[in-house]
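Peer 1: sharing a model prediction with you, sequence too.
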Amino acid sequence: MEFFFSLLQKNVLDRLVWATREELRIAIVTWIERTYHRRRREASLGRLTPVEYETVMTTPALQAA
C-alpha cells in the first residue's frame, strides 16, 4: 500500500496546486483508472495487468459465441 500512495503522491498530488477538493478528487480517480489499474501487474492474474487479463479471458468467450 505504501508503494501505491508514493506513486499517487508523485504522479498526482505533487504536480499541481489544486483549487478545489473536487478537482483533486477527479485527478486522483482519473489517474487510478487510466494509469494505475492499466499498468499494475497482479499475482492473482498470473502477473498480467487487469487489461491484459480481460483481453485474454474475453477472446475465448467471443470465439465460442
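Peer 2: Structure received. Residues are numbered from 1 along each chain as shown.
Peer 1: could you list the low-confidence segments of this structure?
Peer 2: 1, 38-42, 44, 59-65 (pLDDT under 70).
Peer 1: work out which residue lies at the spatial centre of it.
Peer 2: His37 (1.9 Å; Cα atoms, centre = their mean).
Peer 1: what's near enough to touch it?
Peer 2: Contacts for His37 (Cβ atoms under 8 Å, 6 or more residues apart in numbering) come out as Pro50, Val51. The C-beta positions use only the backbone N, C-alpha and C, and glycine is treated the same way.
Peer 1: could you rerun that using 10 Å?
Peer 2: If a contact means Cβ atoms under 10 Å, 6 or more residues apart in numbering, then His37 has Trp31, Thr49, Pro50, Val51 as its contacts.
Peer 1: buried only: go through these for me.
Peer 2: Listed as buried from those are Trp31; burial here means 16 or more other Cβ atoms under 10 Å.
Peer 1: related to what we said a few turns ago, host element of the residue nearest to the centre of the chain?
Peer 2: helix 37-39 (DSSP states H and E).
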